[in-house]
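In: Here's my sequence, what's the structure:
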Amino acid sequence: MESPKISKISRRSFLQITAGVAALTGMSLPTTVQAGSDTLSTLIDLSLCDGCVDRETPACISSCRGINKHKIPKVVDSIPEPWPRKTIEDWSKKQGVTNRLTPYNFIYVHKAEIETAGRQQTIFIPRRCMHCDNPACATICPFSANHKNENGAVVINPKQCFGGAKCKDVCPWEIPQRQSGVGIYLHVLPGFMGNGVMYKCDLCNNRLAEGKLPGCVEACPRKAMIIGPKKAIEAEAQTRARQMKGYIYGKKENGGTSTLYVSPVSFELINKTMTKKPGQPDMKPDVKRRMVGTDPLGKTVLSAPVLGLAAAGALGWFSRRKKQVKTEEKDND
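Out: This is a model prediction of the structure:
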């Protein structure tokens with residue numbers, strides 16, 4: 001089989017990235033996102049989710065994987081080792097993993113055995129991106145590859161992402177996962193900066209634009225997931241929690257999210273069944289918003305030298321590419 005080639009970078013992507021570098025090195029980053037009236041939220045009702053125990057793979061996982069199976073391009077051979085970590089994260093040969101989050105698996109279902117009120121209960125918890133209201137991952141991204149859209153979805157643009165994993169560092173659940181050997185970093189100091197592209201649930205943003213439901217919501221046979229206007233979903237979560245004398249997760253965590261869970265048992269008990277591992281986030285109540293360091297602007301200053309090198313490398317590559325294109329055009333005349 002022929003090795004996949006490094007894809008060409010478009011001028012538009014290049015300009016978007018260098019604009020992000022210029023903004024980062026010269027201005028403070030935005031800390032809020034102005035969402036319109038069409039902001040959506042998802043409600044996941046744990047009293048309804050049964051983990052699709054009658055299926056080999058839960059319906060939400062199967063649907064999500066089907067929708068996103070072509071999202072990641074082929075990985076290059078001989079993936080460059082990034083300095084100084086020399087850590088490569090390659091899931092291209094482990095695409096079938098479904099019991100955790102990976103670059104190829106954006107949702108998984110945790111099974112919790114809980115004893116409460118003198119009886120044993122089994123609770124299934126679908127886990128994916130929480131789509132925070134004020135996402136630190138979008139605030140900290142050095143190349144403006146991560147955005148909170150007006151519809152509520154937090155989306156990573158794979159054409160701009162360098163895989164530096166700052167988004168994962170500031171996410172209290174460490175949701176984004178990295179695939180090395182793909183993306184724009186291969187064109188810009190591949191052995192020095194970045195290490196691929198970060199991937200996660202994007203709330204099926206393209207489907208939402210077409211008026212369709214996210215795959216996980218549409219596929220759930222128990223209707224344990226619903227999506228709708230943020231205020232309506234929050235009201236529904238309050239109503240269901242009151243009726244089941246239960247609990248809500250996501251309304252306050254990390255400053256508030258666009259994914260709410262309701263549960264008949266406390267999330268403190270649920271969290272005790274979870275051991276936080278890579279790709280398997282916990283559900284600690286009252287999670288505070290986390291940033292790298294204490295101030296985004298301070299982090300920007302620390303990042304500026306590296307980003308300057310990146311910008312210089314990108315400019316050099318783009319200049320060489322333009323000359324190459326002109327030469328090819330002359331040869332074809």
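In: what separates the residue nearest the centre of the chain from residue 96, distance-wise?
Out: Residue closest to the mean C-alpha point of the chain, counted by C-alpha atoms, centre = their mean, is residue 200 at 3.1 Å. Counting by C-beta to C-beta, to the nearest Å, the separation of residue 200 from residue 96 is 19 Å. Yep, even glycine has a C-beta here, placed from its N, CA and C like the rest.
In: What of residue 147?
Out: Residue 147 is 30 Å from residue 96, by C-beta to C-beta.
In: okay, the two: which has more neighbours?
Out: residue 147 (18 against 11; other C-beta atoms under 10 Å).
In: ok, the residue nearest to the centre of the chain - contacts?
Out: Residue 200 sits next to 101, 106, 128, 129, 156, 175, 176, 177 when contact means C-beta atoms under 8 Å, 6 or more residues apart in numbering.
In: Now restrict these to buried residues only.
Out: Among these, the ones that count as buried by 16 or more other C-beta atoms under 10 Å are 101, 106, 128, 129, 156, 175, 176, 177.
In: In the stretch 151-300 of the chain, what residue spans correspond to helices?
Out: Assigned helices in the stretch 151-300 of the chain, in chain order: 166-170, 205-209, 215-219, 230-243, 267-272, 296-332 (criterion: DSSP state H, counting those that start in this stretch).
In: What of the stretch 1-150 of the chain?
Out: 11-26, 59-68, 136-140.
In: now the shortest one: mean pLDDT?
Out: For helix 136-140, the mean per-residue pLDDT is 93.
In: which regions of the stretch 1-150 of the chain sit below the pLDDT cut-off?
Out: 1-37 (pLDDT under 70).
In: Tell me where the stretch 151-300 of the chain is predicted with low confidence.
Out: For the stretch 151-300 of the chain (pLDDT under 70), the answer is 193, 290-300.
In: so what's residue 126 closest to, chain neighbours aside?
Out: residue 109 (5.2 Å; C-beta to C-beta, 6 or more residues apart in numbering).
In: list the contacts for that neighbour?
Out: So residue 109 contacts 49, 51, 52, 58, 60, 61, 124, 125, 126, 127 (C-beta under 8 Å, 6+ apart).
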